[in-house]
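Enquirer: coordinates only, sequence not included:
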C-alpha cells in the first residue's frame, strides 16, 4: 500500500535537497519520484529512472546525525543499478562509505560529484522495480490532478 | 518529447469522462495516466496499468461526432492488452465496432459494460510501454510537486 495523498507538511531539510536532486537529474533525462517504497519497511528518498531504463536511488542527508542514524541504506542497494548520497556543502563527506555515489545539492539544483559504481539489477527485479515506480508515480499524479478522488486515502499496489 | 506542464484549460467533455474512468479503474487496482503519447502522432486519452502489469487503453468519446472523426483508434490497439471506449449514457453505442470494450462513464464514476478481448503485448513492446508510462507519470508529477521547475517546459523522453 502507498499513501495516495501524503499529508502536506513543511518540507524537511532532506526533502529540500531532494527537490534540487530531482531538478538536476531531469537535466540528464532522468525522471524521479520521492518516498517510494520498494519493499515493506523500506522507503527511498528519491528513485530515478533514466532514458535507457537505468534505476538510481538517492538518499538525501541533511547532516551528520541524519546519516549516522540511518540503518537501512544498505538494504536499498538491491533495488537500483546505482546508489548515491545527496548532501549539502556543509556535510562531512569523509563519513560516507566507499562504493557509493555522491551528489552535492541544495534546494535549487545539484551536481554529481562522484558517480556511483554500477551493479545492474537482474531482469525480474528490474521489471518489478519499474512497475512499482510507474504505479507510485501514477497514483500520486492522479491524487493531484483529481482532488475529488476518494478511496480511503490509500491505494493497493 | 512530452509536455511537462500542459496548459490548464477548462476540461473538454472527453476529459470529464476520463476522470470518471480513472476513478473507477483505481477501484480495480489500476493506476492511470491521461494524454499519453505511445508513439509519435498517437495520443491516448487514458492508459491504465493493472496490478499484474496489464495495460489497457481507453478512448473517451463525448458523442457521435467525436467518434466519427477519430481516424486513429485502430493504431492504439498495438499498444495495449485491451482496448475500450468510454462514453456517456446518451452515446449511440451501436456505432462502436465489434471486438472492443465498453465503459459507461460520467465525470464521477464509471462502469465496465463489456470487457474488451485480450491481445497480449509482446515482451519488448510491453517493456517499452511500461517505461513510457512511468516516465510520463513521473514527469507530470514532478511538474506538479515542484512548480518552480523550469526546463523549457518540455522533457525529453
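Expert: In hand now; what should we look at? Remember, predicted model here, so these are calculated numbers, not experimental data.

Enquirer: which residues touch the residue nearest to residue A:120 when sequence neighbours are not counted?
Expert: Spatial nearest neighbour of residue A:120, excluding adjacent residues (CB to CB, 6 or more residues apart in numbering or on different chains): residue A:81 at 5.3 Å. All C-beta spots, glycine's among them, are computed from the backbone N, C-alpha and C. By CB atoms under 8 Å, 6 or more residues apart in numbering or on different chains, the contact list for residue A:81 reads A:54, A:55, A:56, A:118, A:119, A:120, A:121.

Enquirer: next helix or strand past the helix or strand containing residue A:33?
Expert: Residue A:33 belongs to strand A:31-36 when assigned by DSSP states H and E. Using DSSP H and E, the helix or strand that directly follows strand A:31-36 along the chain is strand A:44-49.

Enquirer: how about stretch A:51-60, does it reach chain B?
Expert: Yes. Stretch A:51-60 is in contact with chain B by CB under 8 Å from any CB of the partner chain, via A:51, A:53.

Enquirer: Could you pull up the mean pLDDT of that stretch?
Expert: Averaged over stretch A:51-60, pLDDT sits at 97.

Enquirer: Give me the distance between the two termini of it.
Expert: 22 Å (CA to CA, to the nearest Å).

Enquirer: now stretch A:75-93
Expert: Termini of stretch A:75-93 sit 21 Å apart (CA to CA).

Enquirer: what's the answer for stretch A:70-83, then?
Expert: Note: stretch A:70-83 ends 15 Å apart using CA to CA.

Enquirer: now do stretch A:48-68
Expert: 24 Å.

Enquirer: burial of residue A:99, as a residue count?
Expert: Residues lying near residue A:99 (other CB atoms under 10 Å in any protein chain shown) number 10.

Enquirer: Any chance of the backbone angles for it?
Expert: With angles defined as degrees, to the nearest 10, residue A:99 sits at phi 80, psi 20.

Enquirer: Can you check the pLDDT for it?
Expert: The predicted local confidence for residue A:99 is 92.

Enquirer: Please apply the same query to residue A:153.
Expert: As predicted, residue A:153 sits at a pLDDT of 47.

Enquirer: Dig out what the most centrally placed residue in chain A forms beta bridges with.
Expert: Central residue of chain A (CA atoms, centre = their mean): residue A:46, 1.1 Å from the mean position. For residue A:46, the beta-bridge partners are residue A:34, residue A:58 (DSSP bridges).

Enquirer: in the longest helix along chain A, what's buried?
Expert: Ranked by number of residues, the top helix in chain A under DSSP state H is helix A:123-145. For helix A:123-145, burial by neighbour count (16 or more other CB atoms under 10 Å in any protein chain shown) applies to A:126-143, A:145.

Enquirer: swap in stretch A:23-30?
Expert: For stretch A:23-30, using 16+ other CB under 10 Å, the buried residues are A:23, A:24, A:25, A:26, A:29, A:30.

Enquirer: Name the nearest residue to residue A:140, ignoring sequence neighbours.
Expert: Nearest non-adjacent residue to residue A:140, counting by CB to CB, 6+ apart: residue B:141, 5.4 Å away.

Enquirer: Equivalent analysis for residue A:132, please.
Expert: residue A:38 (6.1 Å).

Enquirer: which ones are touching that neighbour?
Expert: A:44, A:47, A:76, A:79, A:129, A:132.

Enquirer: Next up, phi/psi of it, please.
Expert: phi -70, psi -30.
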